[in-house]
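> Can you look at this prediction? I've put the sequence above it.
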Amino acid sequence: MSLWTAAEIAAATGGIASGDFAVDGVAFDSREVGPGDLFLALRGEATDGHRFVAQAFAQGAAGAVVSAPCDHPHVLVADTAAALDALGRAARTRTDARVIGVTGSVGKTSAKEALFAALDRACPGQVHRSVKSYNNHIGVPLSLARMPRDSRFAVFEMGMNHAGEIAALTRLVRPHVAVVTAVAPVHIEFFADEAGIADAKAEIFEGLETDGTAVVPFDSPHRDRLAAAAARHGATVVTFGSGEGADVRAVETMRTATGGSFVHARLGDRELSFTLAQPGAHHMSNALAVLAAVAAVDGDVGLAGLALAELGGLDGRGARFETTVVGGTALVLDESYNANPASMRATLAVLADEPGRHVAVLGQMGELGEDGPAYHADLAGPVLDAKVEAVLLVGEAMAPLVLALEGALERKVNVVHVPDAATAVASLDALVRPGDAVLVKGSNSVGLSRVVSALRGS
């Protein structure tokens, strides 16, 4: 069965079809178009998708949504961006899937991928989720439009950097279960305080279906604020965490020989023991949120536990690999996709438990506002606690951390400060030794993926 027919697209968008056609996928980037896809010609600030209609059909597109007539099978609409939203709403209306929405300052993508793996373990091939970090005003409706009509479960990630953005996204997704992974000072440049960030994340509850479930972090200082917001929208609130009183709670934990964690959890009147492949308290917190959400959509919690045991780190978000250095190998912890004060502390805590000499390649953090220098300087404690012997700091905003580490009385750290990722790559050979554990983490804008590529030898 096709994903969309021309008639369905026209009905959803209010457009006019040039003729009959059917598509099996949806894309807005002509470089990602494959055989049988629908190409959405979006107009952006930098370019106009209509310039690439011919390229999309050359790559196998079966149809297009356009706001100007073309010589290929198409649906003509007044506004292609509005048509994308309409197609997303139509996909949500026609599905019987149980839908989970995920947001949070940290851990959104990892939680979304873990939820997909947990649900797919019980219903292989019948679970849909947003790919990559498609969590904004384009990515969310695109992910909805891509949802197969016979999906049993669907998981969508929603992100923001300003108030009001998640409210618009959650009304498209209309989740049965809404998860907030954590609240932290991410994008705080655009908010008065962290409570404002909590309120922006709580917007996800505005789209909840009747009798929906809100999954919120028990150990967060914003727990009650999130729970109150959820209650205003008629949600059943389920908390997760390690604190006494959490609805889904890690009762006992133990580090495994392979670096992960053995977890004994309590979910209401049920208990579950499982192994978590990825190390770190932040991954354990995500796992508890996943179990809470799986239970809320009547999924198989036992199989979810098995899926968590097999779930490795994502590129840029916890992937681990060996790199060859002169005289041997070193372990690399790839956390290069993004960074904020909370995730920096969490991943440095993971590094602290690794055997061998500890090296950290840390890129500056963005969107921290006037308190940015203090947030960077405050990383000195976590760096020292992680027993880092050599740290490569990347970006001008890291200067306060340089001063804090150089002034530390507890222990001296070999500090190298460079302006950019290219210079960081050139500095690696002098810092990394056989047997080291190397953490690479920074805001995406710094480009530390170049450092990871160099360590991979690619």
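Nice, thanks for sending it over.

> Which strand or helix spans residue 344?
Element membership for residue 344, per DSSP states H and E: helix 341-352.

> Which neighbouring elements make contact with that helix?
With contacts taken as 3 or more Cβ pairs under 8 Å, 6 or more residues apart in numbering; DSSP states H and E, helix 341-352 sits against helix 281-296, strand 328-335, strand 358-363, helix 380-385, strand 437-441. Yep, even glycine has a C-beta here, placed from its N, CA and C like the rest.

> So what touches it?
If you take Cβ atoms under 8 Å, 6 or more residues apart in numbering as the criterion, helix 341-352 is touched by 105-106, 182, 184-186, 279-282, 333, 335, 358, 360, 362, 365, 368, 375, 378-379, 382-383, 385-388, 437, 439, 441.

> just the buried members of those?
Buried members of the contacts of helix 341-352, scored by 16 or more other Cβ atoms under 10 Å, are 105-106, 182, 184-186, 279-282, 333, 335, 358, 360, 362, 365, 368, 375, 378-379, 382-383, 386, 388, 437, 439, 441.

> which residues touch residue 111?
102, 104, 179, 181, 286, 289-290.

> go with 6 Å
Contacts for residue 111 (Cβ atoms under 6 Å, 6 or more residues apart in numbering) come out as 102, 181, 286, 289.

> And residue 174, by the same measure?
Residues near residue 174 by Cβ under 6 Å, 6+ apart: 92, 207, 209.

> Out of those residues, which is nearest to residue 219?
Checking the contacts of residue 174 against residue 219 with Cβ to Cβ, the nearest one is residue 207 at 25.2 Å.

> Leaving aside the residues adjacent along the chain, what's closest to that closest one?
In space, and not counting its chain neighbours, residue 207 is closest to residue 170: 3.1 Å by Cβ to Cβ, 6 or more residues apart in numbering.

> Can you give me the pLDDT of that neighbour?
We note a pLDDT of 98 for residue 170 in this prediction.

> Contacts only, for it.
Listed by Cβ under 6 Å, 6+ apart, the contact set of residue 170 reads 101, 204, 206-207.

> thinking again about what came up before, save the helices and strands packed on helix 341-352 as CSV, and put in mean pLDDT and distance to residue 87 too.
Output for those, formatted as CSV (pLDDT from 0 to 100; distance: least, Cβ to Cβ, whole Å):
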stretch, mean pLDDT, distance to residue 87
helix 281-296, 95, 26
strand 328-335, 95, 35
strand 358-363, 98, 37
helix 380-385, 96, 45
strand 437-441, 97, 37
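
> For residue 388, name its beta-bridge partners.
Per DSSP bridges, the residues bridged to residue 388 are residue 358.

> give me every residue that touches it.
Taking Cβ under 6 Å, 6+ apart as the test, what residue 388 contacts is 358, 360, 413.

> repeat that for 10 Å
Each residue near residue 388 by Cβ atoms under 10 Å, 6 or more residues apart in numbering is listed here: 348, 351-352, 357-360, 362, 382, 405, 411, 413-415, 437, 439.

> Out of the residues you listed, which comes closest to residue 255?
Distance ranking of those against residue 255, using Cβ to Cβ, places residue 352 first at 11.8 Å.

> hang on, the earlier thing: would JSON lines of the helices and strands packed on helix 341-352 with distance to residue 193 be doable?
Formatted as JSON lines, the helices and strands packed on helix 341-352 follow (distance: least, Cβ to Cβ, whole Å):
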{"stretch": "helix 281-296", "distance to residue 193": "22"}
{"stretch": "strand 328-335", "distance to residue 193": "26"}
{"stretch": "strand 358-363", "distance to residue 193": "25"}
{"stretch": "helix 380-385", "distance to residue 193": "22"}
{"stretch": "strand 437-441", "distance to residue 193": "25"}
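
> do you know which of these lies nearest residue 129?
Using Cβ to Cβ, the helices and strands packed on helix 341-352 put helix 281-296 closest to residue 129, at 12.3 Å.

> right, and the helix or strand after the closest one?
Later in the chain than helix 281-296, the nearest helix or strand by DSSP H and E is helix 301-310.

> okay, and for this structure, where does confidence drop off?
458 (pLDDT under 70).

> So which bits of stretch 285-304 are buried?
Quick answer for stretch 285-304 (16+ other Cβ under 10 Å): 285-297, 299-301, 303-304.

> Return the backbone torsion pair for the residue nearest the centre of the chain.
Among the residues of the chain, the one closest to the centroid is residue 109, at 2.0 Å (Cα atoms, centre = their mean). Dihedral angles of residue 109 (phi, psi; degrees, to the nearest 10) stand at phi -70, psi -40.

> thought it was touching residue 102?
Yes - contact criterion Cβ atoms under 10 Å: residue 109 and residue 102 qualify, at 8.5 Å.

> Let me see the contact set for residue 73.
Residue 73 touches 6, 17-23, 38, 57, 61-64, counting by Cβ under 10 Å, 6+ apart.

> among those, which are in strands?
Taking DSSP state E as the definition of strands, these contribute 17, 22-23, 38, 63-64.

> Please identify which of the contacts of residue 73 is nearest to residue 419.
Using Cβ to Cβ, the contacts of residue 73 come closest to residue 419 at residue 61, 42.5 Å.

> so how many other residues sit close to the closest one?
When counting by other Cβ atoms under 10 Å, one arrives at 26 neighbours for residue 61.

> and what of residue 402?
Residue 402: 17 neighbours (other Cβ under 10 Å).

> Residue 383 is in contact with that one, correct?
No - if you go by Cβ under 10 Å, residue 402 and residue 383 don't touch, sitting 11.0 Å apart.

> got any residues that touch both of the two?
Joint contacts of residue 402 and residue 383 (Cβ under 10 Å, 6+ apart) are 391, 393, 415.

> State the distance from residue 23 to residue 85.
Residue 23 sits at a distance of 18 Å from residue 85 (criterion: Cβ to Cβ, to the nearest Å).

> Ok, residue 124 next?
Applying Cβ to Cβ to residue 124 and residue 85 gives a distance of 31 Å.
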